[in-house]
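Trainee: Coordinates for the following, if possible.
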Amino acid sequence: MKISQCMIVRNEERCIERALAWASGVADERIVVDTGSTDRTVELAIAAGAVVYNFTWVDDFSKAKNYAMSLCKGDWILFLDADEWFTESDAAALPTIIADYEKRFGKRCNTIPFNKVNIDLDGSVLAEDSDLRVFRNIPKLRFEGSIHEAMPKAAVYPGGFIPPTCTDIKMLHDGYAPAIYAETKKLERNITLLRKELASDPTNPYLMEYLSESLRVNGTERDRAEALELSKRAIPLITDPDYGYFKEKAYNYCIHALAGASSPGSAEFDEGFRYAELAYKEFPNSADLSYEYAFCLYQLRRFREAYEVLLVSEKALKDAGLDSALYDGRVYLGLLLTANELNEKPAIIRSATFLLTKNKFHDAAVTTVYIQALRESADAETVLRLLGGLYDLNNLRDKLWLLKAAGGGYPELYAKLRQLITPEELEYLRS
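Mentor: As a prediction, the model looks like this:
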């Protein structure tokens, strides 16, 4: 089995060496198609051992990518962007993973989905999803669409077979880091291309949602208003269940933009709540949409209903083994808020523990609610011991955080925490 790495680039001096280095011991050939770089991208790519070709840019990502694929001679193609990469150890596992998928699924498997982690420049996680970057090298697997290009579903998933996402390794991506995204002006380029494509295909709901997403990032009031109208238009036009993800995103934005930005009783909130009801009915297992629906119910002070919605969502996540994949923990934050209103202590402790395990400095109110829930079933010494499982009781920052959370509402715990402040730390605070 031979493997080709290929990519299209333009002014990728920042990351082209990294983009080629990870595949140096994996790919039998490394092909770079340059679409008009004015920096040192081509020079660096050649120095890294890649074969570089030129392609005149015609405002069409599919044409450039298909040209690059036509140059590949491998059985499989690794088609990552220049700002995407695998770590060296993960890259080394790729040939074995590809061979395993071939053995398990044979010719039914034309692609291998991998988890992609979008990270900021400091390494913090922005988002995570599944993406297609590894394909068989066969003629029918070619891209369509000038932007947000994709391959025909029938070719990617022959016979409707969708291979499982490989979770053994992760693909990294820093192109959406705010500083990089702004510097490369990708947003302005995307909006221009999407407007052009939508003008030629005005009833395409996927183009509507792509453009809506770009306009939301752009952030002006006019852009957000246009984005909302595009998402509203897209919702009834998305009927293919295989593309339900687009509909979920459109629903999410409509709810957030309307109900999330207004008060109960207003026309905007009522409209947003209608979208929330429709979305939850259509996608009852969506963590994001469950949260949005529960948020609306919470705002309407229908706490018991909100609580039940979130309990169902929590169970679905656990059954799927996805509870640890809630990167912002919104379902558990909603569960904490509603359980607190209903005085459901087990749910308060469970949801607060989840949030604080992910980020012990999540919010002082979360720590306070957690402490008060523990207080009713344990003495101050036991509560302190439980807190020690989440916080470092030898660290000044942690101790100060807990002192603030305990406050005047729990004097016994406050006194025990106060005793943990060393004379040296006390002197430091006084100075």
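Trainee: Just the buried residues of stretch 107-117, please?
Mentor: With burial defined by 16 or more other Cβ atoms under 10 Å, the residues of stretch 107-117 counted as buried are Cys109, Asn110, Thr111, Ile112, Pro113, Phe114, Asn115, Lys116, Val117. C-beta: built from backbone N, CA, C; applies to glycine.
Trainee: Include pLDDT and distance to Tyr298 when you put these into TSV, please.
Mentor: As requested, the buried residues of stretch 107-117 are arranged in TSV below (pLDDT from 0 to 100; distance: Cβ to Cβ, whole Å):
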residue	pLDDT	distance to Tyr298
Cys109	97	44
Asn110	97	44
Thr111	97	41
Ile112	97	41
Pro113	94	35
Phe114	94	36
Asn115	91	31
Lys116	92	32
Val117	92	31
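Trainee: So which of the residues you listed are in strands?
Mentor: Those of those mapping onto strands are Thr111, Ile112, Pro113, Phe114, Asn115, Lys116, Val117, per DSSP state E.
Trainee: Kindly indicate which of these lies nearest Asn137.
Mentor: Set against Asn137, the nearest of those by Cβ to Cβ is Thr111 (11.4 Å).
Trainee: do you know how far that closest one is from Ala155?
Mentor: Taken as Cβ to Cβ, to the nearest Å, the spacing of Thr111 relative to Ala155 amounts to 9 Å.
Trainee: Identify the contacts common to these two.
Mentor: Listed as contacting both Thr111 and Ala155 by Cβ atoms under 8 Å, 6 or more residues apart in numbering are Leu141.
Trainee: Confirm that Gly53 sits in a strand.
Mentor: Just so we're on the same page, residue 53 is Tyr rather than Gly. Yes. Tyr53 sits within a strand when classified using DSSP: H, G, I helix; E, B strand; the rest coil.
Trainee: ok, longest strand in this structure?
Mentor: Secondary structure of the chain per DSSP E: the longest strand is strand 125-136.
Trainee: The ones in strands among the buried residues of stretch 107-117 into JSON lines, with extra columns for distance to Ala177?
Mentor: Putting these into JSON lines (distance: Cβ to Cβ, whole Å) gives the following:
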{"residue": "Thr111", "distance to Ala177": "27"}
{"residue": "Ile112", "distance to Ala177": "26"}
{"residue": "Pro113", "distance to Ala177": "23"}
{"residue": "Phe114", "distance to Ala177": "20"}
{"residue": "Asn115", "distance to Ala177": "18"}
{"residue": "Lys116", "distance to Ala177": "14"}
{"residue": "Val117", "distance to Ala177": "12"}
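Trainee: And the closest residue to Phe105 other than its chain neighbours, how far from Gln5?
Mentor: Beyond its immediate neighbours in the sequence, the residue positioned closest to Phe105 (Cβ to Cβ, 6 or more residues apart in numbering) is Pro163, lying 5.8 Å away. For Pro163, the distance to Gln5 (Cβ to Cβ) stands at 21 Å.
Trainee: The two: who's more crowded?
Mentor: Set side by side, Pro163 and Gln5 give different neighbour counts by other Cβ atoms under 10 Å, the larger being at Gln5 (25 against 16).
Trainee: if we can go back for a sec, quick one, what contacts the residue nearest to Phe105?
Mentor: Contacts here follow Cβ under 8 Å, 6+ apart; on that basis Pro163 touches Tyr101, Phe105, Arg108, Cys109, Thr111, Ile112, Pro113.
Trainee: So in this structure, where's the weakest helix or strand by average pLDDT?
Mentor: The weakest-scoring helix or strand in the chain, judged by mean pLDDT, DSSP states H and E, is helix 178-184 (a mean of 69).
Trainee: Could you break the protein into its assigned domains?
Mentor: Domain assignment for the chain, taken from automatic domain parsing, gives 3-176, 185-283.
Trainee: could you redo these as a markdown table and give each row distance to Gly408?
Mentor: Shown next, in a markdown table, are the domains of the chain (distance: least, Cβ to Cβ, whole Å):
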| stretch | distance to Gly408 |
| --- | --- |
| domain 3-176 | 35 |
| domain 185-283 | 32 |
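Trainee: Can you say which of the ones you listed is nearest to Asp392?
Mentor: In terms of Cβ to Cβ, the element of the domains of the chain nearest to Asp392 is domain 3-176, at 20.4 Å.
Trainee: Straight-line length of that closest one, end to end?
Mentor: 27 Å (Cα to Cα, to the nearest Å).
Trainee: Near Thr56, how many other residues are there?
Mentor: Other residues lying near Thr56 total 9 when counted by other Cβ under 10 Å.
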